[in-house]
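*Asks:* Prediction below, plus the sequence it came from.
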Amino acid sequence: MSASTALGAQARTVARPMTATANQPRAGARPVALKAARSSSAKNAFLGSFPKGSKKMGTSARSKFSVRASATEDAEAAPPPAAAAPEPVFISDTPEWKALAAHVHDIDQTHLKDLLRDEKRFEKCVMEHNGIYVDFARQRVTEETLDLLEALAERAGLQEKIAAMFGGKHLNSTEDRAVLHAALRAPATEKIIADGEDVVPEVHDVLDKIKNFSNMVRGGEWKGVTGKPLTDVVAIGIGGSFLGPLFCHTALKTAPEAAACARGRQLRFLANVDPIDVARSLNGLDPETTMVIVVSKTFTTAETMLNARTVRKWITSALGKEAVAKHMVAVSTNLKLVEEFGIDPENAFAFWDWVGGRYSVTSAVGILPLALQYGFGQAEQFLNGAWDMDKNFRDAPLRENLPVMLGLLSVWNVSFLDLPARAILPYCQALAKLAPHIQQVSMESNGKGVDIHGNRLPFNTGEIDFGEPGTNGQHSFYQLIHQGRVIPCDFIGVVKSQQSVFLAGEIVSNHDELMCNFFAQADALATGKNSVELRAEGVPDHLIPHKTFTGNRPSLSILLPELNAYTTGQVLAMYEHRVAVQGFIWGVNSFDQWGVELGKVLASKVRTIVNDTRSNGRNATTSDGLNISTTTLLNKYLDGKAKLMYPEPHDVFPCDIIDSEFCSTGDSKQLHQGALASAPSMQLGEWVCTLEAPASLSMAEASSSP
């Protein structure tokens with residue numbers, strides 16, 4: 001068996017669901033003692049997965065060459081053959097990983113119902129840091145598991161990698177960049193070096209600019225082109241430029257202090273290039289009172305720039321071209337394109353290439369819209385909370401380090417218990433956008449198939465993240481997590497609700513009712529309910545299989561004192577660093593995202609074909625370079641679309657969809673094929689609501705726009 005085949009077999013062994021019972025013999029003695037595992041040097045893993053090659057392989061190669069040299073020592077010397085590239089060595093090849101793989105057999109003999117009775121174990125499974133309480137007693141771990149995970153972390157050089165990250169080393173090796181999103185929230189007194197320079201002063205220069213600008217806008221000193229205050233903000237961006245800021249905004253808008261600061265203001269986000277998103281983002285807004293933030297590091301992101309041009313037209317058609325300078329600002333590093341777009345470069349807010357998009361919410365990407373909506377003071381509290389968790393990640397020992405322990409537990413579930421998914425379940429409606437944001441942070445970071453050196457990994461990495469606030473999720477997918485697939489869960493609750501309601505005559509408050517479910521669901525997953533208990537309750541035999549809950553389904557519980565700007569920052573940084581821990585252990589680059597590139601390249605190709613087919617009045621063919629399936633599907637779309645086109649191109653977003661006083665009933669109201677010529681003179685939206693569609697129009701045609 002080749003080395004690569006052996007590695008693959010080993011990976012499959014680790015990944016295979018373990019079904020051992022108490023009557024089955026042990027899979028074999030543990031291959032390495034913990035002491036021996038800890039004695040292995042972690043330095044070999046520093047800043048990468050593991051070095052290419054090993055002493056064993058090197059010795060083998062030298063031995064073969066020595067035999068050959070001995071056989072030909074009397075002959076004319078010939079140059080040695082080129083040495084074969086050594087086989088890569090992965091974290092899964094180490095004794096520490098193999099010890100954990102063997103330990104799975106022991107865990108399979110346990111049940112969480114029994115483990116939860118062990119008070120000594122419980123004490124090892126709870127952590128608290130500055131108000132954030134974490135209980136992972138419902139994870140399928142024992143004290144030995146935690147020891148073995150700590151040994152794995154030491155072997156992977158986890159603490160050295162954390163230090164390297166905060167030290168400005170280029171951990172993002174494929175893009176040759178440092179990874180310093182933590183520097184975005186560092187206080188001015190900190191010093192963080194990247195490429196020989198302290199980046200903290202630059203960060204605070206941008207923060208000071210945001211503070212001054214947001215104060216001017218909120219205070220009415222910066223007005224729109226017609227002299228009206230700018231009370232509404234639309235932030236245009238996609239991916240990390242959208243999901244992170246939206247998460248924070250959703251978390252804060254019902255927090256009492258933040259809500260008071262935002263009174264009389266609106267913040268909206270425009271991400272999807274779908275014109276429906278434009279319509280919903282602008283609906284009801286007045287261009288005179290609207291400020292637009294265009295977020296694009298290069299100012300070339302296709303979706304973002306098309307949306308930016310659309311909204312610019314919405315503004316200039318009502319207020320004139322000179323309005324752009326007063327109503328649009330940018331978060332970008334490409335000042336040339338910013339200026340060509342019409343935005344004054346002085347109104348551009350910088351960020352750096354050592355900030356990945358999904359980690360950029362604490363840069364101007366998120367802080368500018370948050371400061372405009374809630375005031376810089378709230379944005380600063382958010383940064384302070386994130387920095388608090390940054391310090392815990394940077395400084396705390398492994399067992400006292402919240403992100404480290406959470407990350408190690410995820411590695412345990414994914415790589416050893418073969419549980420690749422995770423449900424993020426906040427019992428707080430204000431955290432509704434946490435799961436979508438962490439979905440990107442986690443899956444874009446660790447959804448990799450190769451290690452940091454480019455070697456194909458013999459094991460799977462990454463988690464499949466999803467989630468929904470409780471109790472909504474309970475009436476959606478909890479059936480599956482209770483009686484179907486085993487999916488580790490993060491339950492997140494708060495002690496003090498943002499909005500307290502206690503009705504007279506009720507035995508508990510509304511928030512108490514919510515939190516009763518928070519406590520109960522974790523226990524239901526862990527302990528389950530067996531046939532003996534069901535029969536004791538008088539459940540008929542034919543229903544017992546349907547009402548049985550196996551339990552032994554892992555979860556952890558996170559309890560916050562309240563949800564405000566500070567704790568939102570703590571939660572954000574805790575999840576960011578948890579993802580980094582997983583990547584550091586697996587040996588992947590958690591800070592690039594090459595997997596998103598191919599689809600964008602192909603979309604550009606399709607864009608060219610769509611333009612050419614329309615310009616030349618033809619259908620697409622396979623000679624355009626698309627396969628038969630895509631060609632046929634594209635023609636189906638183009639043929640249908642041709643029936644819905646306006647007779648003339650429109651570069652102003654249709655006023656019949658945007659509710660605005662600046663929309664007229666003139667030429668901008670042209671309708672498809674004059675189908676409504678006989679209808680009363682009124683706006684399309686009103687017509688759709690009050691009149692029946694003419695028989696000559698299908699319902700799809702009556703409600704369509706290009």
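*Replies:* The structure has been received and is ready for your questions. Numbering: from 1, shown residues only.

*Asks:* Could I get the CA-only coordinates of the longest helix along the chain as CSV?
*Replies:* What stands out as the longest helix in the chain, according to DSSP state H, is helix 565-586. Backbone C-alpha positions of helix 565-586 (Å, rounded to 0.1, in the frame of the first residue of the first chain) are rendered in CSV as follows:
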residue,chain,number,x,y,z
ALA,A,565,-22.7,46.8,21.5
TYR,A,566,-20.0,45.5,23.8
THR,A,567,-21.2,41.9,24.1
THR,A,568,-21.9,41.8,20.3
GLY,A,569,-18.3,42.6,19.8
GLN,A,570,-17.3,39.8,22.2
VAL,A,571,-19.5,37.2,20.4
LEU,A,572,-18.2,38.3,17.0
ALA,A,573,-14.5,37.9,17.9
MET,A,574,-15.1,34.6,19.8
TYR,A,575,-16.5,33.0,16.6
GLU,A,576,-13.9,34.6,14.4
HIS,A,577,-11.0,33.2,16.4
ARG,A,578,-12.8,29.8,16.9
VAL,A,579,-12.7,29.4,13.1
ALA,A,580,-9.0,30.3,13.1
VAL,A,581,-8.3,27.6,15.7
GLN,A,582,-9.8,25.0,13.6
GLY,A,583,-7.8,26.0,10.5
PHE,A,584,-4.6,26.2,12.6
ILE,A,585,-5.2,22.6,13.7
TRP,A,586,-6.1,21.2,10.3
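
*Asks:* tell me the mean pLDDT over it?
*Replies:* Mean pLDDT, helix 565-586: 98.

*Asks:* Buried residues in the helix or strand just after that helix, which are they?
*Replies:* Sequence order places helix 597-615 as the next helix or strand after helix 565-586, per DSSP states H and E. By neighbour count with 16 or more other Cβ atoms under 10 Å, helix 597-615 contains the buried residues 609, 613. For the C-beta atoms, the positions are set from N, CA and C on the backbone; glycine is no exception.

*Asks:* Might you list the low-confidence residue ranges for the chain?
*Replies:* 1-85, 644-706 (pLDDT under 70).

*Asks:* Okay, the most centrally placed residue in it and residue 558: tell me how far apart.
*Replies:* Centroid-nearest residue in the chain, with Cα atoms, centre = their mean: residue 440, separated by 2.2 Å. Residue 440 sits 20 Å away from residue 558, going by Cβ to Cβ, to the nearest Å.

*Asks:* Equivalent analysis for residue 479, please.
*Replies:* 24 Å.

*Asks:* neighbour-wise, which of the two wins?
*Replies:* Using other Cβ atoms under 10 Å, the more surrounded residue of residue 479 and residue 558 is residue 558, with 22 against 10.

*Asks:* Is that one located within a helix, as I assumed?
*Replies:* No: per DSSP: H, G, I helix; E, B strand; the rest coil, residue 558 lies outside any helix segment and is strand.

*Asks:* ok, it touching residue 492?
*Replies:* Yes: here residue 558 reaches residue 492: they are 4.7 Å apart, a contact under Cβ atoms under 8 Å.

*Asks:* Which residues are in contact with each of the two?
*Replies:* Residues touching both residue 558 and residue 492 by Cβ atoms under 8 Å, 6 or more residues apart in numbering: residue 571.

*Asks:* Run a quick neighbour tally on residue 348.
*Replies:* For residue 348, using other Cβ under 10 Å, the count is 21.

*Asks:* I should have written residue 410 there, sorry.
*Replies:* Using other Cβ under 10 Å: residue 410 sits among 25 other residues.

*Asks:* Equivalent analysis for residue 229, please.
*Replies:* 18.

*Asks:* and it, what are its bridge partners?
*Replies:* Counting by DSSP bridges, residue 229 is bridged to residue 223.

*Asks:* which residues of the stretch 151-300 of the chain fall in strands?
*Replies:* Applying DSSP state E, counting those that start in this stretch to the stretch 151-300 of the chain gives strands spanning 193-194, 197-198, 232-236, 266-270, 290-295.

*Asks:* cool, and the chain?
*Replies:* Using DSSP state E, the strands of the chain run over 126-129, 132-135, 193-194, 197-198, 232-236, 266-270, 290-295, 328-331, 348-349, 421-426, 464-467, 489-496, 555-562.

*Asks:* Nearest to residue 155, out of those strands?
*Replies:* Nearest to residue 155 among the strands of the chain is strand 126-129; the distance by Cβ to Cβ comes to 22.4 Å.

*Asks:* Packing partners of the closest one?
*Replies:* Strand 126-129 sits against strand 132-135, helix 402-411, with contacts defined as 3 or more Cβ pairs under 8 Å, 6 or more residues apart in numbering; DSSP states H and E.

*Asks:* Just put those in TSV and tack on distance to residue 458.
*Replies:* Below are the helices and strands packed on strand 126-129 laid out as TSV (distance: least, Cβ to Cβ, whole Å):
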stretch	distance to residue 458
strand 132-135	32
helix 402-411	15
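
*Asks:* These: which one's closest to residue 530?
*Replies:* strand 132-135 (24.2 Å).

*Asks:* The closest one pairs with which strands, and in what direction?
*Replies:* Strand 132-135 is paired, per DSSP bridges, with strand 126-129 (antiparallel), strand 555-562 (antiparallel).

*Asks:* just those strands: most buried one?
*Replies:* Among these, strand 555-562 has the highest mean neighbour count (mean count of other Cβ atoms under 10 Å), at a mean of 20.

*Asks:* ok now do residue 388, which residues does it touch?
*Replies:* 130, 566, 569, 570, 573.

*Asks:* got TSV for these, with neighbour count too?
*Replies:* Output for these, formatted as TSV (neighbours: other Cβ atoms under 10 Å):
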residue	neighbour count
130	14
566	20
569	27
570	24
573	27
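
*Asks:* shouldn't residue 322 be in contact with residue 226?
*Replies:* No: between residue 322 and residue 226 there is no contact under Cβ under 8 Å: 10.8 Å.

*Asks:* what about those two, which has more around it?
*Replies:* Neighbour tally, residue 322 and residue 226, criterion other Cβ under 10 Å: the higher count belongs to residue 226, 15 against 11.

*Asks:* Let me see the contact set for the more buried one.
*Replies:* When contacts are counted by Cβ under 8 Å, 6+ apart, residue 226 touches 288, 319.

*Asks:* quick revisit: could you dump the strands paired with strand 132-135 to CSV with distance to residue 255?
*Replies:* Output for the strands paired with strand 132-135, formatted as CSV (distance: least, Cβ to Cβ, whole Å):
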stretch, distance to residue 255
strand 126-129, 21
strand 555-562, 8
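
*Asks:* Residue 305: which of these is closest?
*Replies:* The nearest among the strands paired with strand 132-135, by Cβ to Cβ, is strand 555-562 at 38.1 Å.

*Asks:* Thank you, goodbye.
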